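Colleague: got a predicted structure here, sequence first:
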Amino acid sequence: MTKLKIAAIKEDKPVTMTIKMPAAIYQDLLAYAEVLKLGSGEAVDPNSLVVPMLARFMATDRAFRRARKEVKSDRG
């Protein structure tokens with residue numbers, strides 16, 4: 001099985017946000033959802049992938065983490 005960075009989708013209290021994205025990105029989301037389905041046997045809504053992908057991206061962006069700590073420390 002392919003080792004994907006995003007696996008299970010955690011349920012959480014949602015905040016509604018409307019975004020526009022290039023069709024190519026949406027096609028990639030559809031493909032990612034299909035790969036997840038092949039691995040788990042369960043269908044995945046491609047829209048539900050956006051949040052964990054963004055969370056993973058921000059969690060692994062070292063420059064963002066450093067800058068975020070600086071912003072928090074500046075606020076007191």
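Modeller: The structure has been received and is ready for your questions.
Colleague: what are the buried residues along stretch 38-50?
Modeller: 44, 46, 48, 49 (16 or more other C-beta atoms under 10 Å). Every residue, glycine included, has its C-beta placed from N, CA and C.
Colleague: restrict it to CA atoms and write it as PDB.
Modeller: C-alpha atoms of stretch 38-50 as PDB (Å, rounded to 0.1, in the frame of the first residue of the first chain):
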ATOM      1  CA  LEU A  38      -8.100   1.900  -2.800                       C
ATOM      2  CA  GLY A  39      -6.100   1.600   0.500                       C
ATOM      3  CA  SER A  40      -9.000   1.700   2.900                       C
ATOM      4  CA  GLY A  41     -12.000   0.400   0.900                       C
ATOM      5  CA  GLU A  42     -14.000   3.500   2.000                       C
ATOM      6  CA  ALA A  43     -15.000   6.400  -0.200                       C
ATOM      7  CA  VAL A  44     -13.500   9.700   0.800                       C
ATOM      8  CA  ASP A  45     -15.100  13.100  -0.100                       C
ATOM      9  CA  PRO A  46     -12.300  15.100  -1.800                       C
ATOM     10  CA  ASN A  47     -13.500  18.200  -0.100                       C
ATOM     11  CA  SER A  48     -12.700  16.700   3.300                       C
ATOM     12  CA  LEU A  49      -9.000  16.400   2.300                       C
ATOM     13  CA  VAL A  50      -8.400  20.100   2.100                       C
END
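Colleague: and it, how far out from the chain middle?
Modeller: Averaging C-alpha positions (C-alpha atoms, centre = their mean, to the nearest Å) puts stretch 38-50 12 Å from its chain's average.
Colleague: for residue 44, grab phi and psi.
Modeller: Note on residue 44: its backbone torsions stand at phi -120, psi 130 [degrees, to the nearest 10].
Colleague: could I get the pLDDT score of it?
Modeller: If you check residue 44, the pLDDT there is 90.
Colleague: hmm, residue 36 and it touching each other?
Modeller: Yes. Using C-beta atoms under 8 Å, residue 44 and residue 36 qualify as a contacting pair, with a distance of 4.6 Å.
Colleague: and stretch 13-24, how far out from the chain middle?
Modeller: On the basis of C-alpha atoms, centre = their mean, stretch 13-24 is displaced by 11 Å from the centre of the chain it belongs to.
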